[in-house]
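>>> Starting from these lines, generate the structure:
(2 chains)
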Amino acid sequence: MTLVQAQALTKTYRMGTEVVRALDGVDLTIDKGELIAIVGTSGSGKSTLMNLLGCLDTPSSGSYRLAGLPVDQLDDEQLAEVRNRHIGFVFQSFHLLPRQSALDNVVLPLVYRRTDPLSPAERKRRAREVLEKVGLGDRMLHKPPELSGGQRQRVAIARALVNDPALLFADEPTGNLDSKTSEEILALLVTLNREHGRTVIVVTHEPDVARRCDRTVQLKDGRVVHDTRAERTAVTPAPGAP
Amino acid sequence: MWRETVMLALASIAQNRLRAFLTTLGIIFGVMAVIAVVAIVQGVFYVYTSQLEGLGAGFMFVVSGNPEAEEKIRQSSWVTADDGVLVEREVDGVLAVSPYFFDRRKLTLRGQSADAIIMPTTERYPDIQNHYVEEGRFFTALELRTRARVVVIGPDLAQQLGLMRAVGEQVRLYGVPFTVIGVMEQKNGINALGQPFDQAAIIPHSTALTFSSPMRGGMLLIKLDEVDDVDRVKEEVRRAMRRGHRLGVGEPDDFQIITQSDLIESVGKITGIATWVVLAIVGVALLVGGIGIMNIMLVSVTERTREIGIRMAVGARRQDILAQFLVEASLLGLIGGLIGIAIGYGVSWIVTLVVPEFPPPHVPAWAIVLGFVFSASIGLIFGMYPAARAARLDPIEALRYE
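Residues are numbered from 1 along each chain as shown, chains lettered A, B, ... in the order given. Next up is the predicted model:
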């Protein structure tokens, strides 16, 4: 089933007198359940693509349908609704609210949920459930500064998941983590994809991260230059295993 | 959603308590001034009004001169004791009339001296003014006729002269001895001539005339039989006075008749003006307070740019962000208002306690409601621009903000 359908997606910026084409006619179709990496060097347009696909921005031209919704025709308010219900973001620098507990951070998207809103008690219950799922059941009342990088990213993942979105974006999710923690976070993202069928888009410039995904879309100068599918890799590579 | 927004705003204010306090100082002072001044002015009004009511509704007085007359009035026709006799004789429904004026003199007793307000009147005075003798007695009609040198003194005067038992003492007034025959009961406040009751030395009117002349200050105190007869009696007193003063048709009154309700009305007018003047000044203070709130909210929006980006990324609409900052600004104003109301009330009590004989503050409910509404709406109005700036942020830019 097609989840993301982008056609001739273009984004231009005006920088002084010059017009910059950050994204130049990108066609991209992503099916439900894919684990896909968007790679490219800095300035290749991968962040712009993520912002457009994540409904944080609107294209200058081209069409974008997410789960059947004509996203390119929605207004600010409707985009907020789409971000709330259909999209989860995981950022490189976590982007948690530092003064609020892990639990309150995870509750946040539920607070802004307007269609079938939840009671405060139900919000807390769901947030706890997701935090337990990402392995932070014992750290729920800690504030982000009291947590390690890996724990913070788990809180961010829990926040991204709490509204049960169709699409999970991870923008350089391991960029601020050491290699061991990076591996754990990647494993978590892969598990979410493999075991829960979550569609995950990882934006990265690290080949190691991209290699863990089923499909790699490479951008250069705002265009897709490679779109390759790999064989499904194991959840955890087991070097030396029989 | 509203509950969260309010909790969030409170938490945000609580995180920057000192800053919030400094920000709201303008509001605090503004509201404090409103409450303190309104409390004091209303307190004064309340006391004066209740005192004027203490005179009894069936009360009026006639004073010399007429500020409302446009033509020049005759200079010689002061209100005299003869007018009193005339009014009492000719007007139906008058219980008693007493001429009255005041004169400031030193009253001495064995080298001790005190400033006295000499109040010459007749034996009808206690009934007319609802003011009676506490100790001893008032002078009689006979003493009035014979120009007896007797005096009834106010309690403050007795105290200033160091008199424990004043009755029977000889005091000097106008350079001659007077016998103290009574001490008036305590009656805080001022009489119809604007003089403090308790500082008075009341002497027979006829006696006073041998020493001093009432001139312009002469007046009549009139007590009515029936309270609801005021308008008719007022008109009849006017006619009698005009006859007595031989005023021709078309000549303006050379006197003025003031009833108790006229007095209450004029006190109300004065306190009303005072209240509005102060409210205008306070408006400026609140404006400054509002700009303070706007300033700090702008700082807060900048500081929390990243937070705004995060909220937008997880689904906050622009109006959610707008509401968040508007609620925070209104709460800042409201909290300032609350503190201001409390301090203002305190200040008005301090004024009452420190200034002797100052009436207790009286804070009407409208002043408190006004304080609340004003401070919250100042926050709301001056929070609009910062909140709109927050809501207009681009989520991508906001997330990237360091």
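
>>> low-scoring stretches of the stretch 251-400 of chain B, by residue?
Residues of the stretch 251-400 of chain B meeting the criterion pLDDT under 70: B:356-357.

>>> Would you map the strands across it?
With strands called from DSSP state E, counting those that start in this stretch, the stretch 251-400 of chain B shows them at B:255-259.

>>> Show me where it has its helices.
Taking DSSP state H, counting those that start in this stretch, the helices of the stretch 251-400 of chain B run over residues B:260-303, B:305-313, B:318-354, B:365-392, B:395-400.

>>> Can you tell me which of those is most buried?
helix B:305-313 (a mean of 23; mean count of other CB atoms under 10 Å in any protein chain shown). Any C-beta I mention is one placed from the backbone N, CA and C, and that applies to glycine too.

>>> which residues are in contact with that one?
Contacts with helix B:305-313, where a contact means CB atoms under 8 Å, 6 or more residues apart in numbering or on different chains, come from A:54, A:56, A:80, A:83, A:89, A:95-97, A:108, A:112, B:301, B:318, B:320-321, B:324, B:390, B:393, B:395-402.

>>> do that again at 7 Å, thanks
If you take CB atoms under 7 Å, 6 or more residues apart in numbering or on different chains as the criterion, helix B:305-313 is touched by A:56, A:80, A:83, A:89, A:95, A:97, B:321, B:390, B:393, B:395, B:398-399, B:401.

>>> and the stretch 301-402 of chain B, which residues reach chain A?
The stretch 301-402 of chain B comes close to chain A at residues B:307, B:310, B:312-318, B:320, B:395-396, B:399, as judged by CB under 7 Å from any CB of the partner chain.

>>> now, which of those residues sits nearest chain A?
Proximity of those to chain A (CB to the nearest CB) peaks at B:Gly315, which lies at 2.5 Å.

>>> I'd say the closest one and A:Val82 touch.
No - at 8.4 Å, B:Gly315 and A:Val82 do not qualify as touching, with contact defined as CB atoms under 7 Å.

>>> Please identify which of the two sits among more neighbours.
B:Gly315 (26 against 20; other CB atoms under 10 Å in any protein chain shown).

>>> all strands of chain A, in order?
A:2-15, A:18-31, A:35-39, A:61-66, A:69-70, A:87-90, A:167-171, A:199-204, A:215-220, A:223-229 (DSSP state E).

>>> And the stretch 101-250 of chain B, by the same measure?
Taking DSSP E, counting those that start in this stretch to define them, one finds strands in the stretch 101-250 of chain B at B:103-109, B:112-121, B:133-136, B:150-153, B:170-173, B:176-184, B:200-204, B:219-224.

>>> and the ones you listed as CSV, adding distance to B:Pro364 and mean neighbour count?
What follows is those, written out as CSV (distance: least, CB to CB, whole Å; neighbours: other CB atoms under 10 Å in any protein chain shown):
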stretch, distance to B:Pro364, mean neighbour count
strand B:103-109, 36, 17
strand B:112-121, 33, 21
strand B:133-136, 34, 16
strand B:150-153, 37, 27
strand B:170-173, 44, 18
strand B:176-184, 33, 19
strand B:200-204, 32, 27
strand B:219-224, 31, 25
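
>>> Show me the one of these that comes nearest A:Gly222.
Nearest to A:Gly222, of all these, is strand B:112-121, at 96.1 Å by CB to CB.

>>> Listing partners with orientation, what would you give for that closest one?
Note on strand B:112-121: by DSSP bridges, its sheet partners are strand B:103-109 (antiparallel), strand B:200-204 (parallel).

>>> The last one to strand B:176-184, inter-axis angle?
Counting by axes from the mean of the first three to the mean of the last three CA atoms, to 10 degrees, strand B:200-204 points 110 degrees away from the direction of strand B:176-184.

>>> and strand B:200-204, what's its mean pLDDT?
Summarised as a single mean, pLDDT over strand B:200-204 is 90.

>>> For chain B, what is the nearest residue in chain A?
For chain A, CB to the nearest CB, closest residue to chain B: A:Asn84, 2.5 Å.

>>> Not counting residues beside it along the chain, what's closest to that residue?
Among residues not flanking A:Asn84 along the chain, B:Gly315 sits closest, at 2.5 Å (CB to CB, 6 or more residues apart in numbering or on different chains).
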